[in-house]
Every structure is written in C-alpha cells, then in structure tokens.
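Novice: How does the following fold in three dimensions:
(2 chains)
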Amino acid sequence: MHPLRALLVRDMRIAVRIGGGALMGVLFFLAVVTLTPFAIGPDLALLRRIGPAILWLGALLASLLALDRLFTADHEDGSLDLILMGGAPLELAVAAKALAHWLTTGLPLVVAAPLLGLLLNLEPAAIGAVVLTLLVGTPALTFIGLIGAALAVALRRGGLLLPVLVLPLTVPVLIFGVSAANAAVVGPVPFGTPFTILCALTLMTIVVGPFAAAATLRHGID
Amino acid sequence: MGLPVMRLIGCDLDCVRGDRKVLAGLNFIAASGEPLAVTGPNGAGKTTLLRLVAGLLEPAQGTIELAGGAPELTVAEQAHYLGHRDALKPALSVSENLQFWQAFLGGDGAPVASSLDAVGLGGLADLPAGYLSAGQRRRLSIARLLAAQRPIWLLDEPTAALDTAGQERLAELVRAHLAGGGILMAATHGSLGLPAKELRLELQSSPYAQPAPFAQAQHAPSPRGEGQKSGGR
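Specialist: Below is the predicted model:
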C-alpha cells in the first residue's frame, strides 16, 4: 500500500473506531442549530432568512472541535517522529492526515446539514445551496485548522490558542460561504460570484495549509 | 564479503537544548556489522544523539553522513528509531499497527506475521494494541524494525520493560541485523547481550563548556570525513 494511503486509512480507521470526532462534531452542530429557534423565537420568516448563516456558523465551530488532537495525539505517542522519518514528504503526509480528518469530521457535517436545514424552515433551494457551499467550504476550514493544529504541537498549551489563531483566518470562508448560500435564495448577486471566490479560498488553503503545517512541525518537534 | 559496507559518520557535532549545550564537538563512526553502544550518565545526551542521527533534531554544528548508503535518501530515511514512546495506536490491532508502519516506512521487510512471530507476539495479532503490557508494546515496536527494512537501527534503551527472554530475542535480532551488514547505535545502561564498541558521553558542565575531548570512540574520522551528506560513495 502506498505510504500516504496507509496513513489516510489508519487515521480514518482510528476516527471510526474511537467514534469521537465525527459524532461529537455532528452532535455539536445539532445542538447549535436546534437551540437557535428557541433563542430567537418562533419567527419563521426570520429563521428562514438567517438559516444559512446559522448552519454555516454551527458547521464552522463544529469542524474546529477535534482539531487540536490532529497532531498532538501523534506527537505524544511518538508516531510523529516516525512520520517525519518516513519516505513520504511531510507536506503530503500532513495533507493526507487533513483529508482523513475532513472525511471523518467535515463530511458528516455536510451530510447532516439538509436535515438541520429543515429545522430552520429553509426552502429546498436554500438547503441545496447551503449543502453545496459547505461541501466546498469545509475543506478550507480543515486545511486552515491544520496550521493551528501543527502550532498546538510546537507551542505549549497550543490547544488553548488554537481557536484564537484559527478563527480569524476562517472569516473569509464564512463570509463567502454564507453570501453564496444567500445569493442562491434572495440575490441580488448571482450565486456564481461568491461561490467562485469560496472555491478559490478552498484551493488556496489546500495548497498553503500543508506547507505551513509541515514547516511548523519540522521546527516544533523536539 | 559481498555485503556493502556502510559507515555512519558524525563529525564535530554540537547540540544545544534549551540554552544548554548537550553535545559539544562529538565525533563518532558506526560501521556495518559493528554495534556502537552509546553510554553515559542521565542527561549526557544519549537520546539527543540518537535523535540527531534520526533527523528529529538539528545539530547546532557538525554533520552526520552515511557513507555507502543510498545516495538519493537522507540518513533519516534509512534509519529506524526506537524511542521511549512506542508509536502505537490503542484503537488498532497489533497487526494493523505493524501493517501501517510497514506501509508507511516502506522498504521490503519481513511479512507482518513473521515479524510478529520473531518477537513472540504471533498469537496476539488481532488483539487491540491498547491491551498490551509495556513489555509487549516494546516487542511490537521491535517488530517494526523487522517489518520495514532499513540499514540503520537507532535504539534508545531497547531493553527497557523487556523480560529476559525478550532481551535474548532482541540480542538475536540485533545479531542478525549486524550480520546482514546493518548499522546499530544503541543508547543503553545495561548490556546489549553482545560485544559492542562504546561511545561514552559525559555531562557538559556549563552552557559554554569547552569542546569535549574525543569520546572513546576509536579511530575518529578526519575532520572532513569521506562521503557526502546523505551517503554517496
């Protein structure tokens, strides 16, 4: 088996066996979305208007939940040392870990989104737009978080700093994700404009994230 | 002897950890088939030295080269590092852990099943690694050295937590590795169970200590040792 595929399979297998990451994220997402109508009150028109934003906010926060363990777990048990010594370039190994993390925590959020959209009184078109933007946007959240997860290894108590470091970087993704979802429903901008920028953001983070994280890990390990 | 002779050469190594100089002006050679035991009091830098060779720490000065190794690979990519932490995932089974490291570290080593047999874990392949005892975890880490073939073995206190039978097995595996032309550096307080050249490290007294005299490694290399970085001929 190719080294990177082996790493991907291992991380997914661990995530599925432990069951923490995916389930915890989805439950958190569910909690945010179901509690919002109670906080706002039974104003269906308002819920419909802010629904995409609530879904995006919930998904963003949920996707950051398990992130600090992404590298610290491997660091603590010594796996990270061996990953650094492997033949595969560290950048690609880091990207494989990020992909595994997204598949086990990001993708379940996308799958859960249509169901939660119903709770917010979203129309089918709006649900479709939110799911599409989440599908494209959540990888960006994971790959941005990757940098923070690497810093959690390099810095002592980095796990505490992680949200502070990562959240500002996710703001553009949030803005364009929500505006694309809104554009699909209410306009006036065509859906394509913010959606293309969202795609660009994702592609950019997929390229930049692994390099930044790998550089951080190389210097951070001791 | 048809076996290629490799030499791992460390030249004038300095290493600083947290403002404290741990290694100063250290030279060593470890050649194929000649085990090198790294000894010294706690804190003398045994683990630091092994981690330098494994590429996990950067030397402040000096070079580490593998003469006669694969020129396209770095020293770290040709080395196994058996550290204090065993790099095992409790959620995966014994054989899954080993299979992963075999695939990730590459090289063509022994099959997983026979590697497990060699360390005496043959019957436990399907047990989650979380249920293993400390000694069994150690044995599983040692199986990694067999499952992925790499010429340099860097062992840090390899006999820790092993029972007498385990130590004998390890000595056998080490002998086989050396007989196959492998290089061995082991940090140890006890004995490896086989005669080894000794590289004794001393505590560096002050942060700005004088460079230590040559440690007792025999025939120190010329300051510009043969072989380029990461091997070459």
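Novice: and chain B, which of its residues are near chain A?
Specialist: Residues of chain B lying close to chain A (Cβ under 8 Å from any Cβ of the partner chain) are B:17, B:51, B:54-57, B:73, B:76-77, B:79, B:81, B:83-89, B:91-92, B:96, B:99-101, B:103-106. Backbone N, C-alpha and C define where each C-beta goes, glycine included.
Novice: ok, now which ones touch the closest residue to B:I142 other than its chain neighbours?
Specialist: Spatial nearest neighbour of B:I142, excluding adjacent residues (Cβ to Cβ, 6 or more residues apart in numbering or on different chains): B:V119 at 5.2 Å. B:V119 makes contact with B:139-140, B:142-143, B:146, B:166, B:169, B:173, according to Cβ atoms under 8 Å, 6 or more residues apart in numbering or on different chains.
Novice: how about low-confidence regions in the chain?
Specialist: No chain was given, so I picked chain A. The model of chain A has pLDDT under 70 over residues A:19-22, A:158, A:222.
Novice: try chain B instead
Specialist: In chain B, residues with pLDDT under 70: B:1-4, B:107, B:205-233.
Novice: Quick one: name the residues of chain A near chain B.
Specialist: So chain A meets chain B at A:1-3, A:5-7, A:9-10, A:13-14, A:17-18, A:76-79, A:81-88, A:221-222 (Cβ under 8 Å from any Cβ).
Novice: does the residue in chain B that chain A sits nearest to count as helix, strand or coil?
Specialist: Across chain B, no residue is closer to chain A than B:R85, which sits at 2.9 Å (Cβ to the nearest Cβ). Three-state assignment for B:R85 (DSSP: H, G, I helix; E, B strand; the rest coil): coil.
Novice: and B:A37, that one's in a strand?
Specialist: Yes. Judged by three-state DSSP, B:A37 forms part of a strand.
Novice: That one reaches B:A186, doesn't it?
Specialist: Yes. Using Cβ atoms under 8 Å, B:A37 is in contact with B:A186, at 5.6 Å.
Novice: Overlap in contacts, the two.
Specialist: Counting by Cβ under 8 Å, 6+ apart, the common neighbours of B:A37 and B:A186 are B:192, B:196.
Novice: re earlier: are any of the residues of chain B next to chain A buried, and which?
Specialist: B:51, B:54-57, B:73, B:76-77, B:79, B:81, B:83, B:85-89, B:91-92, B:96, B:99-101, B:103-106 (16 or more other Cβ atoms under 10 Å in any protein chain shown).
Novice: can you pull out the strands in chain B?
Specialist: Here chain B has its strands, by DSSP state E, at B:7-17, B:20-31, B:36-39, B:61-67, B:79-82, B:152-156, B:183-187, B:197-200.
Novice: Would you enumerate the residues in contact with B:D12?
Specialist: Shown in contact with B:D12 (Cβ under 8 Å, 6+ apart): B:25-27, B:61-63, B:223.
Novice: would you list every one of the helices in chain A?
Specialist: A:3-18, A:20-40, A:44-64, A:69-76, A:79-85, A:90-101, A:107-119, A:124-154, A:158-186, A:192-220 (DSSP state H).
Novice: Out of these, which gets nearest to B:Y131?
Specialist: helix A:3-18 (13.8 Å; Cβ to Cβ).
Novice: Okay, buried residues for the closest one please.
Specialist: Neighbour counts using 16+ other Cβ under 10 Å place A:3-4, A:6-15, A:18 of helix A:3-18 among the buried residues.
Novice: do stretch B:58-74 as well
Specialist: By 16+ other Cβ under 10 Å, the buried positions in stretch B:58-74 come out as B:59, B:62-69, B:73-74.
Novice: same deal with stretch A:108-124?
Specialist: For stretch A:108-124, by 16+ other Cβ under 10 Å, it's A:108-110, A:112-114, A:116-117, A:119-122.
Novice: re the thing from before, most neighbours among the contacts of B:V119, which one is it?
Specialist: With neighbours set by other Cβ atoms under 10 Å in any protein chain shown, the maximum within the contacts of B:V119 is found at B:A143, which has 28 neighbours.
Novice: ok, that one touching B:D117?
Specialist: No. Counting by Cβ under 8 Å, B:A143 stays clear of B:D117, with 9.1 Å between them.
Novice: Is B:P90 in contact with B:L127, as I believe?
Specialist: No. Contact criterion Cβ under 8 Å: B:P90 and B:L127 do not qualify, at 10.8 Å.
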